[in-house]
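1. Could you work out the structure for the sequence below:
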Amino acid sequence: MTQPTVADARPSTESAPVAACREAARTYGHGSTAVVAVHGASAELLPGDRVALIGPSGSGKSTLLHLLAGLERPTSGSVEWPALGARTPDSRRPFVPGVAVVFQGPSLVPTLDVLENVLVPLQLQGISAAEARHRAGEALQAVGVDDLVDRLPEELSGGQAQRVAVARALATRPQAILADEPTGQLDAATGQHVVEALLDAADRAGAALLVTTHDPRVAERLHTRWVMEDGRLHTPRTPGAVR
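-> Reported below is the predicted structural model:
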């Protein structure tokens, strides 16, 4: 496979990686039925990175993102978050503090209104009610849906729901935002609005941003491309890869 030619806009800073995987692999099942979703992936996500993780369906993109988010544990190898002071996720919580995830499909709690959905992760972090409401309102305004605070998810369009999901991520003031096919179920115009919201959110938070995508229009908005092929990760720093 010919690797895409892309500029690696990795910052020159020597800051510690926000997330780093070292020969991380993830296998599902055992014995003859085992399926290796990710083979020995090694990469670093630094502060300020803007990464598009591309590859065909079933290539392991989502699994790698879940590993970097701490949602899954590697079968072998390691995933660490040096800049966040975390070596493993808190066993009581599925997410690594400082890492926010935006999912492809519906992820809002259907019985909660927009404001309440954005408040959930802040409440789990133990942030005071007043501060949580301030952050939530600020985040909703930043992505342009602050006029929807009283609506339930079923009353939102797909694009509005994804913007709320971005606001929920932004409100936690993360150091890394990981978005899994965030435009996969949206039309082109709405998808571009969501990408803008993600980029703005990352800029506001000073966070690294990694987006898995099939859409070349989304990928071209990000400075760096990582490629997944048959569970194997290729980055601009992989030996033999073309920048």
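
2. Helices along this protein, start to end?
-> With helices called from DSSP state H, the chain shows them at 61-69, 114-124, 129-142, 158-171, 188-205, 216-219.

3. ok, of the ones you listed, where does mean pLDDT dip lowest?
-> Lowest mean pLDDT of those: helix 188-205, a mean of 85.

4. Next one: the spatially closest residue to residue 28 that is not a sequence neighbour from residue 100, what distance?
-> Leaving aside its chain neighbours, residue 28 sits nearest to residue 35 (5.0 Å; criterion: C-beta to C-beta, 6 or more residues apart in numbering). Where you see a C-beta, it was placed from the backbone N, CA and C, and this is true even at glycine. With distances taken as C-beta to C-beta, to the nearest Å, residue 35 is found 28 Å from residue 100.

5. Comparing those two, which shows the higher neighbour count?
-> residue 100 (27 against 10; other C-beta atoms under 10 Å).

6. Quickly list what the more buried one is bridged to.
-> residue 177 (DSSP bridges).

7. I figured it hits residue 172, correct?
-> Yes. At 5.3 Å, residue 100 and residue 172 qualify as touching, with contact defined as C-beta atoms under 8 Å.

8. give me every residue that touches the residue nearest to residue 28.
-> 27, 28, 29 (C-beta atoms under 8 Å, 6 or more residues apart in numbering).

9. Give me the contact list for stretch 138-155.
-> Counting by C-beta under 8 Å, 6+ apart, residues outside stretch 138-155 touching it are 106, 108-115, 117-118, 137, 156, 160-161, 163-164, 166-168, 170-171, 197, 200-201, 204.

10. what distance separates the start and the end of it?
-> 21 Å (C-alpha to C-alpha, to the nearest Å).

11. for it, which positions count as buried?
-> By neighbour count on 16 or more other C-beta atoms under 10 Å, the buried set for stretch 138-155 is 138, 139, 140, 142, 143, 145, 146, 148, 149, 151, 152, 153.

12. would you turn the residues you listed into a markdown table with distance to residue 53?
-> Shown next, in a markdown table, are the buried residues of stretch 138-155 (distance: C-beta to C-beta, whole Å):
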| residue | distance to residue 53 |
| --- | --- |
| 138 | 29 |
| 139 | 24 |
| 140 | 27 |
| 142 | 24 |
| 143 | 22 |
| 145 | 26 |
| 146 | 30 |
| 148 | 30 |
| 149 | 32 |
| 151 | 32 |
| 152 | 32 |
| 153 | 27 |
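
13. and of those residues, the nearest to residue 51?
-> Residue 51 lies nearest to residue 143 out of these, by C-beta to C-beta, at 20.6 Å.

14. Show me where this protein dips below the pLDDT cut-off.
-> 1-14, 86-95, 237-243 (pLDDT under 70).
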